[in-house]
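Asker: Fold the following.
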Amino acid sequence: MTSLGTTGLRRIGVFGGAFDPPHAGHLRLAATALDTLKLDELRVIPTGQAWHKERALSAPEHRLAMAQLAFSSLPKVCVDARELRRSGPSYTVETLRELHAEQPGATFFLILGQDQWSRFGTWRQADEVARLAIICVAVRAELTGNEGQIGLMNPPPMALPMSALDVSSTEIRRAAALGQPLDGLVTARIARYIEQHHLYRNA
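Answerer: Next comes the predicted model:
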């Protein structure tokens, strides 16, 4: 696996996603990345227009607000709204180029869940993404030692072992649509936000 022996003025994680809504798994992955990678900063970046999503995402202002609420408890996290402000589809390669221009010399770590990693080969200029950032993929802790399962890139991606958490945004949206409790799936602040703004009622 990729070594942590990188150089750079700062170590910056980049964690993108729809965050529709952000859930306990997102928070666990963010906390794992901060600790394992010894990051100086973690940029949480809600997706703008997601080219790979078949369904329409919730309004940008709601996803931004929920990301800010969800990740505010973690140190060194900055919720970055640049993709929400960008016109047209959102591509990670463009975001990484912007970040490199803003912070030359920094080392960037792109944090991916396994579902994102499974689609990585379809991303725009995936090889350039891998050049601009060290790819870090969440793997179940019990699979540590078999990290080669996450891909055959050269250099290979870094594994971020974390315990499995059976939660997905899809299931949360379904539960919210049915009026079911969201305890343990999202933070109390996110649950209140979903209720107050009547999100996912038509999911």
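Asker: Which strands or helices does the least confident helix or strand in the chain by mean pLDDT pack on?
Answerer: Every helix and strand of the chain was ranked by mean pLDDT, DSSP states H and E. The lowest is helix 114-118, at a mean of 88. Packed against helix 114-118 by the contact rule (3 or more C-beta pairs under 8 Å, 6 or more residues apart in numbering; DSSP states H and E) you find strand 134-140. The way it works is simple: take the backbone N, C-alpha and C, and place the C-beta from them, glycine included.
Asker: List the buried residues in the strand it packs on.
Answerer: 134-139 (16 or more other C-beta atoms under 10 Å).
Asker: And for stretch 35-54?
Answerer: Under the neighbour-count criterion of 16+ other C-beta under 10 Å, stretch 35-54 has 36-37, 39, 41-50 buried.
Asker: can you redo these as JSON lines with distance to residue 111 and secondary structure?
Answerer: JSON lines is the format used below for the buried residues of stretch 35-54 (distance: C-beta to C-beta, whole Å; DSSP: H, G, I helix; E, B strand; the rest coil):
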{"residue": "36", "distance to residue 111": "10", "secondary structure": "helix"}
{"residue": "37", "distance to residue 111": "8", "secondary structure": "coil"}
{"residue": "39", "distance to residue 111": "9", "secondary structure": "coil"}
{"residue": "41", "distance to residue 111": "12", "secondary structure": "strand"}
{"residue": "42", "distance to residue 111": "8", "secondary structure": "strand"}
{"residue": "43", "distance to residue 111": "10", "secondary structure": "strand"}
{"residue": "44", "distance to residue 111": "9", "secondary structure": "strand"}
{"residue": "45", "distance to residue 111": "10", "secondary structure": "strand"}
{"residue": "46", "distance to residue 111": "14", "secondary structure": "strand"}
{"residue": "47", "distance to residue 111": "14", "secondary structure": "coil"}
{"residue": "48", "distance to residue 111": "18", "secondary structure": "coil"}
{"residue": "49", "distance to residue 111": "21", "secondary structure": "strand"}
{"residue": "50", "distance to residue 111": "17", "secondary structure": "coil"}
